[in-house]
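Colleague: Take this sequence and fold it.
(chains A and B)
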Amino acid sequence: MRSSLSIKHLLGLDGVSENDIRVILDTAVEFRKLLDRPVKKVPSLRGLTIVNLFFENSTRTRTSFELAEKRLSADIVNFASSNSSVQKGETLLDTLRNIEAMKIDVVVVRHKGTGVPKFLADHSGAIVLNAGDGAHEHPTQALLDMFTIEQKLGSLKGKRVAIVGDIRHSRVARSDAWGLTTMGASVTFCGPSTLLPRYREDFPAVTWETDVKKSVAGADAVIALRLQKERMEDSLLPSLREYRNYFGVTEEVLEMASPTALIMHPGPINRGVELDSEVADGEHSVILEQVTNGVAVRMSALYLLSGGRANG
Amino acid sequence: MDNVVLQNVRPFVNGIFENPMTVSLVGGKWSREAPPEGTKVIDAKGALALPALFALGLDFQEPVRDDIYTYKDGFNALRRGGFFGGLYESSANPVDGIQKLVAAKDSFANCGFDIRILGAISEGFGGKSLAEMRELVDGGVAGLGDGNKSFGTMRFLRLSLEYGAMTGKRFFFLPYDYSLAHGGYVNEGKFSDKIGMKGVPVQAETIPLYALLSVALWLGVPLHIKQVTSKAALDLIREFRSLHLDVTCDVDIHHLLFSEEDLESLNTNLNLHPPVRTVADKDALWQGLSDGTIQAVSVNHLPVHQEDKTVNFEAAVSGAVSLEIVLPALWNALSHRLGEPRAIEVLSAMPAKIAGANSSKLTLGEDAGLVLFDPSQTTDVSAKTFAGAVENSPFVGTKLQGKILGSYISGFWG
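Modeller: Prediction:
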């Protein structure tokens, strides 16, 4: 099932071709099947060393990457900033050089700074996968979102996806918009105006809404984003209560969507804020499947990007 | 003192570049007399001799970063770039009292450059208590300003201008509302929103600018606005000038040459304060320079440790060194769009005038300060281009049209 990608790193989905996304999603189908087998491991990346470089706290994404790497038989090293030399003032570049000196082949990085994965790719010989940089991109999350929609509803072409929440500060929303529109789906961004980007010329073809019911009307999938509670303290929103009343995805809102609509969320969920429990746990919800699919998609991306370096 | 003979040089005299001629520089003066025997002869091969330039926005980061940059490096940079002087504003060590002024003047004594110093408006640039402005002015400061800090409360702005008006000096401000900027580092616009970076809206410039202009008009204080970045700011300045406010302004060279479109590369040397804005703003700045709304080009020369630039964009310390590359980076575009006389004026006479310095002129028998520049050669910009242990310029790695062949300042050729 080997195929090749035209990209060397996965830094984001802006500018990534439809063909490359297609290859990653198609390859992920095979890995997804593997995850249902009793033995969930293949030797594809045996001998390859991967570092998970997480400068920001993360449980889900890091665990998902780790699992994907283990299932591919790679050797892995975890590096979290909370217990690392970064706390002692080491620069990003020195961290990178140290890692390189340890002969690491692949770097999976999460950082609060926009462009850090690109910085690492520019300054090292390793293959870099972005596990989230600032509010910029989170490409594997978008890939798993696309994969989940395809698994449930078939081709992405012509599908309507509503993304509701804090778009301005969301790397997930940005990567989703690039990926989904490249694959022929249409995207609506919905959120309070203080949480929507103001300058929109360079965004892919998305439509903009501040009325959640309108944004969800006829949608094939609704992606609710996590609302950071700090947004209230920073005066971007008056209260959680008002947010839930006007932007929460409730059963009433969901009624506006297509009868087969999927409810998705990148996690972790603030129940009763962006998603009501009835919706998060209801029949439309594919949130836990997203988690499983995340492992398959990350296996696919790792495999395709580093296939040439491994012995598998 | 060095004596030099420049052959085949085209000096800028009375508003034009003369035909190639021989010029003797003897004892610091432009002379027609035969130079002493053995005087160094340089064939300029038709290169231009411009009056030496004057730099608005010097900060050599002494003493906080004298490990990477010292006054001496700054003087080298001035010489390499063909500057005879500049207006110094220490962000690290505010000149907010007479002792600090004495120390600063001491650092520049006998350096061979005409360095003017800005005095502080408030103690420690804190925007809370007035600095002893009368004494600073008596001590010889060129004007008053709190670096790039905000002006404090509206009442403090009013009181500082009201008090400082007694001195008759010009007040220098960078209009920048830090609360609206909210820690941003790029223009707020299509680029920042696309990439999810914190942006600085144009209103972070225009809103404090309006306050500055209206309070200065009210209290009759001459104003200088540093580093104008946007069309909207220029429009406000025009409006207040039409009300007879004495307001001058400058534009940073990087703002004339870069816009937010150039940030796609995430080159940390383009992390500048204030940030470069849109292409339309850049065009408006050129227009403003051309029609006289903007009086001068500023350099805002700020050395930054390479370690503080070899990081991701958001973590980088903002600022750029520029003295050495102002002419090759700007001359061709500037002389083409503004004409040669105006191009020289905005780099030399006008910035000097704003800082209260005499301008550099090429006149027979007078002190000569000139920079020899060949627009037909090229400059490969590298770390070696810059004095000191810094290379924080977005031009590093590029080839610029035009090359500085040397400068003659205070009687020294270099």
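
Colleague: When you work out contacts or count neighbours from here on, use the C-alpha atoms and nothing else.
Modeller: Will do.

Colleague: Close to chain A: what parts of the stretch 151-300 of chain B are there?
Modeller: For the stretch 151-300 of chain B, the residues in contact with chain A under the definition CA under 8 Å from any CA of the partner chain are B:Gly189, B:Lys190, B:Phe191, B:Asp193, B:Lys194, B:Ile195, B:Gly196, B:Met197, B:Leu266.

Colleague: I figured the first one hits A:Tyr199, correct?
Modeller: Same thing as B:Gly189. Yes: A contact is recorded between B:Gly189 and A:Tyr199 when judged using CA atoms under 8 Å, the distance being 5.3 Å.

Colleague: Of all residues in chain A, which one is nearest the centre?
Modeller: A:Gln141 (1.5 Å; CA atoms, centre = their mean).

Colleague: I'd like the mean pLDDT over the helix or strand containing that one, please.
Modeller: Element membership of A:Gln141 [criterion: DSSP states H and E] is helix A:139-153. Taken as a whole, helix A:139-153 carries a mean pLDDT of 98.

Colleague: Comparing B:Gly189 and A:Tyr199, which shows the higher neighbour count?
Modeller: B:Gly189 (23 against 14; other CA atoms under 10 Å in any protein chain shown).

Colleague: Tell me who's in contact with that one.
Modeller: B:Gly189 makes contact with A:Arg198, A:Tyr199, B:Gly199, B:Pro201, according to CA atoms under 8 Å, 6 or more residues apart in numbering or on different chains.

Colleague: Could you do B:Ala131 as well?
Modeller: Taking CA under 8 Å, 6+ apart as the test, what B:Ala131 contacts is B:Asp96, B:Gly97, B:Ala120, B:Ile121, B:Ser122, B:Glu123.

Colleague: Please tell me which one of those counts the most neighbours.
Modeller: With neighbours set by other CA under 10 Å, the maximum within the contacts of B:Ala131 is found at B:Ile121, which has 33 neighbours.

Colleague: ok so, going back, would you confirm that the residue nearest to the centre of chain A contacts A:Val295?
Modeller: No: using CA under 8 Å, A:Gln141 is not in contact with A:Val295, being 10.3 Å away.

Colleague: Can you say which of the contacts of B:Gly189 are buried?
Modeller: Among these, those buried by neighbour count (16 or more other CA atoms under 10 Å in any protein chain shown) are B:Gly199, B:Pro201.

Colleague: tally of neighbours for residue 50?
Modeller: No chain specified, so I'll use chain A. Taking other CA under 10 Å as the definition, A:Ile50 ends up with a neighbour count of 26.

Colleague: Switch to chain B, please.
Modeller: B:Leu50, neighbours per other CA under 10 Å, totals 24.

Colleague: which helices and strands does the helix or strand containing it pack with?
Modeller: When elements are assigned from DSSP H and E, B:Leu50 belongs to strand B:48-51. With contacts defined as 3 or more CA pairs under 8 Å, 6 or more residues apart in numbering or on different chains; DSSP states H and E, the packing partners of strand B:48-51 are strand B:4-13, strand B:370-380.

Colleague: Can you read off the pLDDT for the residue nearest to B:Gln306 when sequence neighbours are not counted?
Modeller: Among residues not flanking B:Gln306 along the chain, B:Val390 sits closest, at 6.2 Å (CA to CA, 6 or more residues apart in numbering or on different chains). On the pLDDT scale, B:Val390 is placed at 95.

Colleague: Phi first, then psi, for B:Val390.
Modeller: Backbone torsions for B:Val390, taken as degrees, to the nearest 10, come to phi -130, psi 160.

Colleague: any idea how far chain B is from the residue lying closest to the residue nearest to the centre of chain A once chain neighbours are set aside?
Modeller: The spatial neighbour of A:Gln141 that comes closest, neighbours along the chain excluded (CA to CA, 6+ apart), is A:Val172 at 6.5 Å. When distance is defined by CA to the nearest CA, to the nearest Å, A:Val172 is 11 Å away from chain B.
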